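In: Generate a structure from the sequence data that follows.
(chains A and B)
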Amino acid sequence: TQLLEQSPQFLSIQEGENLTVYCNSSSVFSSLQWYRQEPGEGPVLLVTVVTGGEVKKLKRLTFQFGDARKDSSLHITAAQPGDTGLYLCAGRSWAGSYQLTFGKGTKLSVIP
Amino acid sequence: NAGVTQTPKFRVLKTGQSMTLLCAQDMNHEYMYWYRQDPGMGLRLIHYSVGEGTTAKGEVPDGYNVSRLKKQNFLLGLESAAPSQTSVYFCASTLPRPNYEQYFGPGTRLTVT
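Out: Numbers count the residues shown, from 1 in each chain, chains lettered A, B, ... in the order given. Prediction:
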């Protein structure tokens, strides 16, 4: 069973600060996705990274896929209260292509 | 487009009662999934379907049944609810290409007393 470990589990920061959350595994994934989930809603896809070493930017969010495709990070610059939510990473293995393996998430609170 | 919709949004059941959760998508997606989300456990796959008339077990299928009679609908049934099935249930759908990116419904919060 492939596992994705996310850290930290909880993060509370002041508006304007920078932060990085991590998604790690001992297994290789063919692609990795990041989702954000707000309270009372379903997860919403932010980005998919496919190539080892790939970096994608979405406004103040920067996503990186590790060279070995076993890990990923999400960096947020100058966090805003609207960034508050649960950040989930999800990986697609080579074998189980119908399914995604989800991490348990990082719960981010940005305090105004 | 409504995307993925789920009914009901909230439900309270007594132990032993049965119910069906309905998921509908209007994006013509082939694949559909049912997950449950519990504190500290993340999203766990219950059952999934790769097309009309087909279903398969996920990570935590016990106590649940599913049906996919129409491409746009995926039903999750609880035949005899147990308190351990208290959870938030999410339905998702996806196209197989390019990366199985999933579109989620708003969730159903189920409490079993």
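
In: Strands of chain B, residue ranges please.
Out: Counting by DSSP state E, one finds strands in chain B at the ranges B:4-7, B:10-13, B:19-25, B:31-38, B:42-51, B:54-57, B:65-67, B:73-78, B:87-94, B:103-104, B:108-112.

In: With mean pLDDT, distance to chain A and mean neighbour count as extra columns, can I get those in TSV?
Out: Every C-beta, even on glycine, is put in place using the N, C-alpha and C of the backbone. Putting those into TSV (pLDDT from 0 to 100; distance: least, Cβ to the nearest Cβ, whole Å; neighbours: other Cβ atoms under 10 Å in any protein chain shown) gives the following:
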stretch	mean pLDDT	distance to chain A	mean neighbour count
strand B:4-7	97	8	18
strand B:10-13	97	11	14
strand B:19-25	97	11	19
strand B:31-38	96	6	24
strand B:42-51	94	4	20
strand B:54-57	95	8	14
strand B:65-67	97	14	17
strand B:73-78	98	14	20
strand B:87-94	97	5	24
strand B:103-104	96	3	21
strand B:108-112	97	9	18
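
In: Any chance of JSON lines for those strands, columns distance to A:Leu32?
Out: Formatted as JSON lines, the entries for the strands of chain B read as follows, by distance: least, Cβ to Cβ, whole Å:
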{"stretch": "strand B:4-7", "distance to A:Leu32": "22"}
{"stretch": "strand B:10-13", "distance to A:Leu32": "33"}
{"stretch": "strand B:19-25", "distance to A:Leu32": "24"}
{"stretch": "strand B:31-38", "distance to A:Leu32": "18"}
{"stretch": "strand B:42-51", "distance to A:Leu32": "15"}
{"stretch": "strand B:54-57", "distance to A:Leu32": "23"}
{"stretch": "strand B:65-67", "distance to A:Leu32": "27"}
{"stretch": "strand B:73-78", "distance to A:Leu32": "25"}
{"stretch": "strand B:87-94", "distance to A:Leu32": "15"}
{"stretch": "strand B:103-104", "distance to A:Leu32": "17"}
{"stretch": "strand B:108-112", "distance to A:Leu32": "27"}
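
In: for those, which one sits closest to A:Ala79?
Out: Of all those, the one in closest proximity to A:Ala79, counting by Cβ to Cβ, is strand B:42-51 (22.8 Å).

In: any idea of the angle the closest one forms with strand B:73-78?
Out: Following axes from the mean of the first three to the mean of the last three Cα atoms, to 10 degrees, one obtains 130 degrees for the angle between strand B:42-51 and strand B:73-78.

In: where's strand B:42-51 relative to the chain centroid, distance-wise?
Out: Relative to its chain's centre, strand B:42-51 lies at 7 Å (Cα atoms, centre = their mean, to the nearest Å).
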